[in-house]
Each structure stands twice: as C-alpha cells, then as structure tokens.
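Asks: I would like to see how this sequence folds:
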Amino acid sequence: MNILDCEAKELLKKLVSFPSLSTHEQDLADWLEKAVRDTDLLEVHRYGDNLLFSCDSLQPGPWLLLNSHSDVVPPSDQHHGDPFNPQEKDGCIWGRGTTDAKGSGTAMLKALLNLANSGWKPNCGKVSFALTICEETSGEYNGMAYLRSLIDDNRLTKPDAALIGEPTSLSPCIAQKGLLVVRLTVRGESGHAARVYGNNAIYGMADILKKLESIHFKTENPFIGKVKITPTRVEGGTVNNAMPEQVRVILDIRTIPEVPNTQIIQSLEEALPCSIDVVSDRFVSTQTDSYAWIARCARTASGKEYVGSPTASDWVFLSDIPVVKIGPGHSELSHKHNEHIEIAQLNAGVRLYMDIITSYFSDPSKLGLNP
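Replies: Residues are numbered from 1 along each chain as shown. As a prediction, the model looks like this:
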C-alpha cells in the first residue's frame, strides 16, 4: 500500500486489520514505520512501539503535538465475523478500533502527510504526530506516559500545545473528567451459614452503600458537570454455605478540576465507617482555558462549540499544557461489538486536523496567548 496516495478509509482498514491489543502493537508499528519512511516526507522516530512523525521547520518555535493510540480493547463475544477484518458498508467502516481510536490516528497521520506532500511546513517550530501504545490498559506501562518521562528527563522538549485524537464527533473538547478508583472494605466474622453470627460483612457493606448514596458534591463544572461516584465491582465470599470474612467494593469516581481527589477521599472517610484505599489516582481531571490559541483554532476549524468529556484519556500526561481532545467518530460506539465510523466523518477529520494545524501556525504573534 502507498500510504501517501491511498484514501483515508483504505489506511484505516489496514490499521484495523492489525489485532493490536494492548502490549501487542509491534506488527502495526513495524508496518507503519516503514510505510511512512518510504514517503520520505516526515521525520520518523521510534521509542519501543511508540512512533513519532514530525514536520519540522528547522527554525525555533512552538511544538504542536498530535497524539492518538494504536492499541484496542479485546473484541466481545457479540461481534459478528472477524472484528479485525474491516468491512465497508452503509457508508461506514466496521471493525474493532475504527472509532477508538484508529479513526483519529488515521486522520491525524493523513493530515500531516497531506500537508507535507503539498510543500507546507510550519513557519517556525514543528508539528508532530505521536501514535502511542497501551492507552487502553491500566497497567504500569503507558506509551504517552513514557514519552512524558522523556520530556521530564529533558530527552524530548515539552510540547507547547497538543491535540488528543479520540472520538468526539469532531467537537472540540476542552475539559475531561478524571478517574479515581477507590476500594471499600468491610470486615465481618466468617462462619457456617447454618449458624447465627452477628457480624455479616455483606450486611455491613449494604449499610455502607446506602450511606454512599447520600454523598454528593454540589460543585459543577460548566463542561463536565459534577463528580460522579459509581460502585462497579463487588468481591466477597468463596462458597455458598459460609459467610465471608470481608466484602470489598470498587468505586469508579469521575472527578472534576474544581474538586480535588483529597477532598473526595476526605468526604468518603467522614461518611463511611469502613476501610478506604486508593487503587488508582493518576488520571486527574483536566481543562484547557477557552482562550488558549489551540482551543480557539479548534473551535474555529470545527465550527462547533466547546464540549466536555466524561471519559479519561492520555490528555492526563499533558495536563500542564493547552490541550484539545477532538476526533472523528462517536464516543458511544467505543468498545462496542458494532463499532464503526462514518467515512464522511473520517474524511472530515483529515480536513479538520489540517485546518487546525495550519491555523495554529498562521500567526506567530498569537502563540503567546497560551496561558
């Protein structure tokens, strides 16, 4: 495949054909690295299976970073046919990863290639596209986190602004909820179910969950609303005829910038008489000033108003710079058995990214507007 001459939908089909589950992205990275190198249009750097493609003016100036991820979640049993054999029908491409997030990755790369092939370069600084791995897993390794570590160690310069490619229906997202995962534990007295014991951990946890329903945070973000607490997992007991020694519940807490994690934990501790442990808190809530230059470029190019996102992304690793999350595809189709993306929206995504990139570099005097 000639990656330069092919349509965006054909490149997307090729990327979807790689079953790039988290930690299994190497084959995709190998193919894409060679395909882009063969164009001789972009600088290519590889960090493990993370790829960084750049169009550099070779003049001092800002670095605009585009980022999306190459990994996908495993397909469900409800998939009809092979989810890694993409199909084109009804004006859409169907398959695992079409929406989350190979559609955005395809559009970002095609935008950069189209600009470079036309002879365009930024008048100063550079623009890059980073396709990173292990975004869909909560394990210790994350591709964007690794690139961030290179920035913090001064092995890469820090970007001045970024676009995160995730499905937002091409609306510019400037606020994103964080994810705080908490484990509640209630301890009771284990024993045979046929006998009478006064301390059943299951009843104890039921009382805790009733109290949990009364915890509310009044503060509201204009784009992403209020803190949302959702119990998602219950663990307790191993056999049918014995009371469990303890019961655990996992809370999925979607946070906002105005309410720090410490305040949430304090509220839980004050209201719930049980053990409370933080399982994960690295996905902090993030927000970009609506007057940041990259945000204004994205809003103008898209023709849409700012929105917020209830789901976390690799934006968290760039929370100290202006970021806009924006991409083709509808978020509600992410991870679904019928995941697909409209070809028209994919093509619109290519044009949108091209417009944002060229607008961002169009007036160097505006680059000082980043707060």
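
Asks: where does this protein have its least confident helix or strand?
Replies: Taking mean pLDDT, DSSP states H and E as the measure, the chain has strand 191-192 as its least confident helix or strand, at a mean of 84.

Asks: C-terminal to it, what's the next element?
Replies: On the C-terminal side of strand 191-192, the closest following helix or strand by DSSP states H and E is helix 201-212.

Asks: which other residues reach the next helix or strand after that next one?
Replies: Moving toward the C-terminus from helix 201-212, the next helix or strand (DSSP H and E) is strand 228-236. In this structure, residues lying in contact with strand 228-236 by Cβ atoms under 8 Å, 6 or more residues apart in numbering are 177, 201-202, 205, 209, 212, 215, 244, 246-254, 310. (Glycine included, C-beta is placed from N, CA and C.)

Asks: hey, where'd the helices end up in the protein?
Replies: 8-16, 26-39, 103-117, 143-152, 201-212, 261-271, 293-302, 343-360 (DSSP state H).

Asks: could you dump those to a markdown table with mean neighbour count, mean pLDDT and distance to Leu163?
Replies: Converted to a markdown table, these look like this (neighbours: other Cβ atoms under 10 Å; pLDDT from 0 to 100; distance: least, Cβ to Cβ, whole Å):
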| stretch | mean neighbour count | mean pLDDT | distance to Leu163 |
| --- | --- | --- | --- |
| helix 8-16 | 22 | 98 | 17 |
| helix 26-39 | 17 | 98 | 18 |
| helix 103-117 | 25 | 99 | 8 |
| helix 143-152 | 18 | 97 | 13 |
| helix 201-212 | 16 | 97 | 37 |
| helix 261-271 | 14 | 98 | 26 |
| helix 293-302 | 22 | 98 | 7 |
| helix 343-360 | 21 | 98 | 7 |
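
Asks: do you know which of the ones you listed lies nearest Pro167?
Replies: helix 103-117 (6.9 Å; Cβ to Cβ).

Asks: give me the angle between the closest one and helix 8-16.
Replies: 120 degrees (axes from the mean of the first three to the mean of the last three Cα atoms, to 10 degrees).

Asks: any idea how far Thr358 is from Ile174?
Replies: 20 Å (Cβ to Cβ, to the nearest Å).

Asks: tabulate the helices of the chain (JSON lines), appending distance to Asp277.
Replies: Formatted as JSON lines, these follow (distance: least, Cβ to Cβ, whole Å):
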{"stretch": "helix 8-16", "distance to Asp277": "39"}
{"stretch": "helix 26-39", "distance to Asp277": "35"}
{"stretch": "helix 103-117", "distance to Asp277": "35"}
{"stretch": "helix 143-152", "distance to Asp277": "22"}
{"stretch": "helix 201-212", "distance to Asp277": "14"}
{"stretch": "helix 261-271", "distance to Asp277": "10"}
{"stretch": "helix 293-302", "distance to Asp277": "37"}
{"stretch": "helix 343-360", "distance to Asp277": "41"}
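
Asks: compare these and give me the one nearest Gly61.
Replies: It is, among the helices of the chain and with distance given as Cβ to Cβ, helix 343-360, at 10.8 Å.

Asks: report all helices and strands that that closest one contacts.
Replies: Applying 3 or more Cβ pairs under 8 Å, 6 or more residues apart in numbering; DSSP states H and E, one finds that helix 343-360 contacts helix 8-16, strand 63-69, strand 92-94, helix 103-117, strand 161-164, helix 293-302.

Asks: nearest to Phe53, of the ones you listed?
Replies: Nearest of the helices and strands packed on helix 343-360 (Cβ to Cβ): helix 103-117, 6.3 Å.

Asks: and that closest one with helix 343-360, angle?
Replies: Using the same axes, to 10 degrees: helix 103-117 against helix 343-360 is 50 degrees.

Asks: which elements pack onto helix 103-117?
Replies: Short answer (3+ Cβ pairs under 8 Å, 6+ apart): helix 103-117 packs on helix 8-16, helix 26-39, strand 50-56, strand 63-69, strand 126-132, helix 343-360.

Asks: ok, 10 Å please
Replies: In terms of contacts (3 or more Cβ pairs under 10 Å, 6 or more residues apart in numbering; DSSP states H and E), helix 103-117 is packed against helix 8-16, helix 26-39, strand 50-56, strand 63-69, strand 126-132, strand 161-164, strand 340-342, helix 343-360.

Asks: that one vs strand 50-56, what angle?
Replies: Using the same axes, to 10 degrees: helix 103-117 against strand 50-56 is 30 degrees.

Asks: for Ser319, find the nearest of the helices of the chain.
Replies: Here helix 143-152 is closest among these (Cβ to Cβ), at 9.8 Å.

Asks: dump the closest one to PDB, restricted to CA.
Replies: Extracted C-alpha coordinates of helix 143-152, given in PDB (Å, rounded to 0.1, in the frame of the first residue of the first chain):
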ATOM      1  CA  GLY A 143       3.100   4.900  25.800                       C
ATOM      2  CA  MET A 144       2.200   8.500  26.300                       C
ATOM      3  CA  ALA A 145       3.400   8.300  29.900                       C
ATOM      4  CA  TYR A 146       6.700   7.000  28.600                       C
ATOM      5  CA  LEU A 147       7.100   9.900  26.200                       C
ATOM      6  CA  ARG A 148       6.200  12.200  29.100                       C
ATOM      7  CA  SER A 149       9.000  10.700  31.100                       C
ATOM      8  CA  LEU A 150      11.400  11.500  28.200                       C
ATOM      9  CA  ILE A 151      10.200  15.100  28.400                       C
ATOM     10  CA  ASP A 152      10.700  15.300  32.100                       C
END
